[in-house]
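J.: starting from these lines, generate the structure:
(2 chains)
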Amino acid sequence: MHKSLTVIALCLSAAGMVAPAHAQSSGTLQKIKDTGTITVGHRESSVPFSYLDANQKPVGYAMDLCAKVVDAVKTELKMPNLQVKYQPVTSQNRIPLMQNGTIDLECGSTTNSVARQQQVGFSVAYFITSVRMGVRKDSGINDIGDLDGKPVVTTTGTTSDQLIKENEKGRTINVKNIYGKDHADSFLMVESGRAAAFVMDDILLAGLIASSKNPSAFEIVGPSLRDEPYGVMVRKDDAPFKAIVDKTLVGLMKSSEAEKLYDKWFMKPIPPRNVNLNFPMSPALKAAFENPTDKGVE
Amino acid sequence: MDYHWDWLFFFRETDDGLKYYDWILSGLGWTTLVSLASLAVALALGSALGVMRTTPKRWLVAIGDAYVDVFRNIPLIVQLFMWFFVVPELVPDSIGMWMKQDLPYVVIAVVGLGLYTAARIAEQVKAGINSLSRGQRDAGLALGLTEWQTYRHVRLPMAYRIVLPAMTSEAMNIFKNSAVTYAVGILELYFQYKQIIEKTSQVLEITIVVTLAYFALAFLMNRLLAFVERRTRVPGLIVGGKGGGVP
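T.: Now for the predicted structure:
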């Protein structure tokens, strides 16, 4: 009994000990220079931002942007032979892996939020996603008012009832909340009739619809319940490194290069199955390209 | 590691007006409810199946064996998805629609977890009964008891005592396995864990708290059943006089 208590105490104190250790790290650029390596964190299924293609190679809109950032780092450090390592991350482990130094740059679909800024830093936004509703076309749902009394699904991590409440504007809308394990599950709930609508980031809905059995049976409707900026994740309080990332991204946005990359991933067929997302640039994203900002949401 | 520790976030308000610790408590509540309800289903059904598999009737044995083979060889999460996504499509439309829209999800979770665990309980009950010498049954029959009465008054009371330690593991497992029910939309502890990570990114604090919570639940079950084991021990009868696993 005493032994197990000691073990727990040890675990807890070990967890507490790691906090002060960061004092020794002196910036991502120094780390990259010392190790001769930069490690890029990527997602495995965040289509079309960062995912694995048929050859299990990470590709996507965010990966293309990050490749430019890596080029800029090579120039900055005068290390043309800098080694680039790729490390898959998930939405659960991406923040700890950034903090403990496993990855130097995360290129996926990470929302820049004020809560996360307590833990990590973010580049300027390279994408703006809007939370909207994915529905079956034959459901007759066009606006959030139509959801009253209906089951609405969302994936763990968002609270759609909260978003709907914020957007009631004088109406009273009560929905029955249900939760999917992941986006594919949530979409299946709409497909099988368990839920009337899937409240989620519009780009994710577009991806799910495009790769469904019958894409023409679904549509994305309603106003944006909330806009969220995606940013490249870097370590917190690492101004010199963040400056390089931001400068590169802003450069791409000001020239038309970012727009070309957008076209490549959102308006044309993409690997691995040559599906076209047909997702034109939103006014919010156009504004974000004109006035780049790293402001977090909420 | 450059981690921003913030243990006080548990007391901050969430966007639905509750505090984060309320989410954890509500998760704990659902975990306990799903686990205990599933355990009840599993004990009842598992005992029945276990007994069936030791009877002289071939067809009862066959049903019991088939059940255990099916439910023990399919992963729990796949079974839950079967009940949740597949079964409603196989039954007539009106029933399917009722299952999808009106049947509370917790029923599906309890049925899924209960039926899965029943197969494991059945295996243990069978083992317990088979470990008794054949003379026990014969003596019972010779005294004029019916087959069923030998189970009720002679064999089961001993069999349960023999397999109680194994059942304790199963009862602890059910708390841990209940985490899988988040996949069919139960807002239990693991769901809240994921939800809070998404909201606050305080991964380490919440992981430590949830780990300790699961540990506490399973440990409590362990102590509870150790107590039962001690209280039901018959001095001088069967298996090692110590029992209970209490030092």
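J.: middle-most residue in chain B, spatially?
T.: residue B:174 (3.4 Å; Cα atoms, centre = their mean).
J.: what about it, helix or strand, and which?
T.: Using DSSP states H and E, the element containing residue B:174 is helix B:156-177.
J.: state the mean pLDDT of that helix.
T.: Mean per-residue pLDDT for helix B:156-177: 95.
J.: count of neighbours near residue A:139?
T.: Counted with other Cβ atoms under 10 Å in any protein chain shown, the neighbours of residue A:139 add up to 17. The way it works is simple: take the backbone N, C-alpha and C, and place the C-beta from them, glycine included.
J.: let's verify residue B:117: helix, strand, or coil?
T.: Under DSSP: H, G, I helix; E, B strand; the rest coil, residue B:117 falls in the helix class.
J.: run through the residues that contact it.
T.: B:38-39, B:41-42, B:46, B:170, B:173-174, B:177 (Cβ atoms under 8 Å, 6 or more residues apart in numbering or on different chains).
J.: tally of neighbours for the residue nearest to residue B:43 when sequence neighbours are not counted?
T.: Of all residues not flanking residue B:43 in the chain, residue B:121 sits nearest, at 6.2 Å (Cβ to Cβ, 6 or more residues apart in numbering or on different chains). Using other Cβ under 10 Å, residue B:121 is surrounded by 28 other residues.
J.: so which residue of chain B comes closest to chain A?
T.: residue B:198 (3.2 Å; Cβ to the nearest Cβ).
J.: what strand or helix carries that residue?
T.: helix B:189-200.
J.: and that helix, what does it pack onto?
T.: helix B:20-52, helix B:203-231 (3 or more Cβ pairs under 8 Å, 6 or more residues apart in numbering or on different chains; DSSP states H and E).
J.: state the mean pLDDT of it.
T.: 89.
J.: centre of the chain to it, how far?
T.: 23 Å (Cα atoms, centre = their mean, to the nearest Å).
J.: how about stretch B:159-175?
T.: 10 Å.
J.: next: stretch A:114-133.
T.: Worked out by Cα atoms, centre = their mean, stretch A:114-133 lies 7 Å from the chain centre.
J.: likewise stretch A:215-227?
T.: With Cα atoms, centre = their mean, you get 18 Å for stretch A:215-227.
J.: contacts for it next, please.
T.: Residues beyond stretch A:215-227 that count as contacts (Cβ under 8 Å, 6+ apart) turn out to be A:128-138, A:141-144, A:160, A:163-164, A:166-167, A:190, A:199, A:202, A:205-206, A:209, A:212, A:284, A:297.
J.: swap in stretch B:9-21?
T.: Contacts for stretch B:9-21 (Cβ under 8 Å, 6+ apart): A:159, A:161-162, B:22-24, B:196, B:199-200, B:202, B:205, B:209.
J.: which among these count as buried?
T.: A:159, A:161-162, B:23-24, B:196, B:199-200, B:202, B:205, B:209 (16 or more other Cβ atoms under 10 Å in any protein chain shown).
J.: which of those residues sits closest to residue B:107?
T.: residue A:161 (22.0 Å; Cβ to Cβ).
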